[in-house]
Every structure is written in C-alpha cells, then in structure tokens.
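Participant: 3D model of this:
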Amino acid sequence: MAQERGEPRISGRILGLLTVEGRELNLVQISERLEISRASASTNARDLARKGILKLTTRTGDRQDYYQLAGLSPLDVVGDLAAQFERQARSIKGCVEDMRAEDSAAAQRAAAVQSFLEKSADILAHWAKALGEAEDHEKDGK
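Facilitator: As a prediction, the model looks like this:
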C-alpha cells in the first residue's frame, strides 16, 4: 500500500509491523523483525516521524530511539488532507494570476488544478466535520 502512494516499501512494512505489534519498538527490533539494515529502518522511521505518522520516544537510561504509531484518528487524517489541499490551491492561485498575461492556456490548465484542489479541500472538510459529529455522537451515546 505504501508503494501505491509513492512511499518506500520499507515505510509500509514498518507501519505494518508497529500496527501488528501494538507497542513501541526500537530500531534494532524493527530492523531484525523486518530483516532490513538498521540504517534503512532509521531513515524510514525518521521520515514517518517527520510526517507525523510515527512518534519518536525515549526511555530513561536507554540510548535507543523507540518508535510507535502516532495514533492519528481518521478525523485528523482527513482534516490534515483538507488543509493541505487548501494550501496547495492557494499557492497555485498566485501562479495562475501571474501566468494569465503570459500564457492564457497554461493559466487555464493551472486554474483547473486549482479548482480541483479547492473542491477536494471542501469535500474533505465536510467529511472531517461529519466524522467529528459522528465521533461526538458516539461519545454521547456511551
């Protein structure tokens, strides 16, 4: 699944391992379980942590870095995607305005991408709102 998203295969394997284990693991444990180099485990785990998917933890007296799933809820993931698409649409909007005078056809194509991102952000924002309302409803029902 990671490869389908353009991510390294090892990143997906690390996510799978941490999901199945349900606990934090250090880089030695990850590399041994997945039969990969420690450098590869470290590079991919750091990248996943930078993206907010994994959380880096430490233990007092232990020099190892431990990684665990960040515990992002579906609401967080969808909300983050909506915000990302909205930022990208704003960036492209500035480019479209600059392009109009030089190349109207290119500006039109860029505007189509901007429109797609704006609509996608709107759909995702509504979905995030619905997820939040469903989550609130579940909490009230329990």
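Participant: mind listing what's buried in the strand or helix carrying Ala45?
Facilitator: Counting by DSSP states H and E, the element that carries Ala45 is helix 38-50. For helix 38-50, a neighbour-count test (16 or more other C-beta atoms under 10 Å) marks 40-41, 44-45, 47-49 as buried. Just so you know, the C-beta spots here come from the backbone N, C-alpha and C atoms, and that holds for glycine as well.
Participant: by contact count, what packs against that helix?
Facilitator: helix 9-21, helix 27-34, strand 54-59, strand 62-69 (3 or more C-beta pairs under 8 Å, 6 or more residues apart in numbering; DSSP states H and E).
Participant: contacting residues around that helix?
Facilitator: Contacts to helix 38-50, defined as C-beta atoms under 8 Å, 6 or more residues apart in numbering, come from residues 8, 10-11, 14-15, 27-28, 30-31, 34, 54-56, 65, 67.
Participant: now stretch 127-142
Facilitator: Taking C-beta under 8 Å, 6+ apart as the rule, stretch 127-142 contacts 73-75, 78-79, 82.
Participant: go again using 7 Å as the cut-off
Facilitator: The contact list for stretch 127-142, computed with C-beta atoms under 7 Å, 6 or more residues apart in numbering, reads 74-75, 78-79, 82.
Participant: buried only: go through those for me.
Facilitator: 75, 78-79, 82.
Participant: could I get the contacts of stretch 127-142 as JSON lines with pLDDT, secondary structure and distance to Leu117?
Facilitator: Listed next are the contacts of stretch 127-142 as JSON lines, based on pLDDT from 0 to 100; DSSP: H, G, I helix; E, B strand; the rest coil; distance: C-beta to C-beta, whole Å:
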{"residue": "Pro74", "pLDDT": "78", "secondary structure": "helix", "distance to Leu117": "21"}
{"residue": "Leu75", "pLDDT": "81", "secondary structure": "helix", "distance to Leu117": "21"}
{"residue": "Val78", "pLDDT": "87", "secondary structure": "helix", "distance to Leu117": "15"}
{"residue": "Gly79", "pLDDT": "87", "secondary structure": "helix", "distance to Leu117": "16"}
{"residue": "Ala82", "pLDDT": "92", "secondary structure": "helix", "distance to Leu117": "10"}
